[in-house]
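1. After the sequence you'll find the predicted model.
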Amino acid sequence: DSGVTQTPKHLITATGQRVTLRCSPRSGDLSVYWYQQSLDQGLQFLIQYYNGEERAKGNILERFSAQQFPDLHSELNLSSLELGDSALYFCASSVGSIDTEAFFGQGTRLTVV
Amino acid sequence: QKEVEQDPGPLSVPEGAIVSLNCTYSNSAFQYFMWYRQYSRKGPELLMYTYSSGNKEDGRFTAQVDKSSKYISLFIRDSQPSDSATYLCAMSAFRSRNYGQNFVFGPGTRLSVLP
């Protein structure tokens, strides 16, 4: 168990809908990273928050947004969902903003039908 | 050309074999190199990380980085069935603390160690 908690584990929703994925980092970790893993694209970095502020941005679509709250948990919001958004979404956390060691949660499997 | 390339496998080896997993990359700014192991339906877990060129050993695992060739390797000695997983290489460039971290992952190599 990495100490990173993601909910829900599974999510099935229809095209056009909006969903929110939640992540609780390990105790003491200030950075949260979001990743998307699909069969054809591999593990893609989406965005990083550090202590409530956005720090690094990857290939995150405009339909997606994230935030980190004062208690350091983070949410990833996916809107206007398309079939191609079906993937595993992982959250990872680390202590600092540029740590090499990040701990991953178990992921949320999103299926868009 | 993808930023990080990795032989996708799948790779099947008998128990006890030495396994070599490799990644190549194109961005010369990468300075931190990591190997993650991902079991089916689980999140990736960090195995090893190295900074810049050189070797690092941890038990049965050895990571090598050759920055001049833009090539990294992970060797697994005395492979066990429990090593069966997908192995992901990951890399990042140095960033100041104000700009955060951006890990770039390879597509992964699926390894099966047969008893």
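-> Thanks, I have the structure now.
2. B:Arg110 is in contact with B:Pro8, isn't it?
-> Yes: counting by C-beta atoms under 8 Å, B:Arg110 touches B:Pro8, with 7.4 Å between them. From N, CA and C alone the C-beta is placed, and that goes for glycine too.
3. Look up which residues are beta-bridged to the residue nearest the centre of chain A.
-> Closest residue to the average C-alpha location of chain A: A:Trp34 at 3.2 Å, with C-alpha atoms, centre = their mean. For A:Trp34, the beta-bridge partners are A:Ile47, A:Cys91 (DSSP bridges).
4. That one against A:Ala66, yeah?
-> Yes: counting by C-beta under 8 Å, A:Ala66 is a contact partner of A:Trp34 at 5.8 Å.
5. Overlap of the contact sets of the two?
-> Shared contacts of A:Trp34 and A:Ala66 (C-beta atoms under 8 Å, 6 or more residues apart in numbering or on different chains): A:46-47, A:60, A:74, A:76.
6. Same list, those, but as TSV with pLDDT please.
-> As requested, these are exported to TSV (pLDDT from 0 to 100):
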residue	pLDDT
A:Leu46	93
A:Ile47	93
A:Ile60	91
A:Ser74	98
A:Leu76	98
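7. what's the most distant pair in these?
-> Within the shared contacts of A:Trp34 and A:Ala66, A:Ile60 and A:Ser74 form the most distant pair, 13.1 Å apart (C-beta to C-beta).
8. So which of the two has more stuff around it?
-> A:Ser74 (25 against 16; other C-beta atoms under 10 Å in any protein chain shown).
9. On the strand side of things, show who that one bridges to.
-> Beta-bridge pairing for A:Ser74 (DSSP bridges): A:Cys23, A:Gln68.
10. tell me the contacts of it?
-> A:Ser74 is in contact with A:22-23, A:25, A:32, A:34, A:49, A:66-68, A:91, counting by C-beta under 8 Å, 6+ apart.
11. Get me the contact residues on chain A for chain B.
-> Proximity of chain A to chain B, by C-beta under 8 Å from any C-beta of the partner chain, involves residues A:2, A:4, A:31, A:33, A:35, A:42-45, A:48, A:50, A:55-56, A:58, A:90, A:92, A:94, A:96-107.
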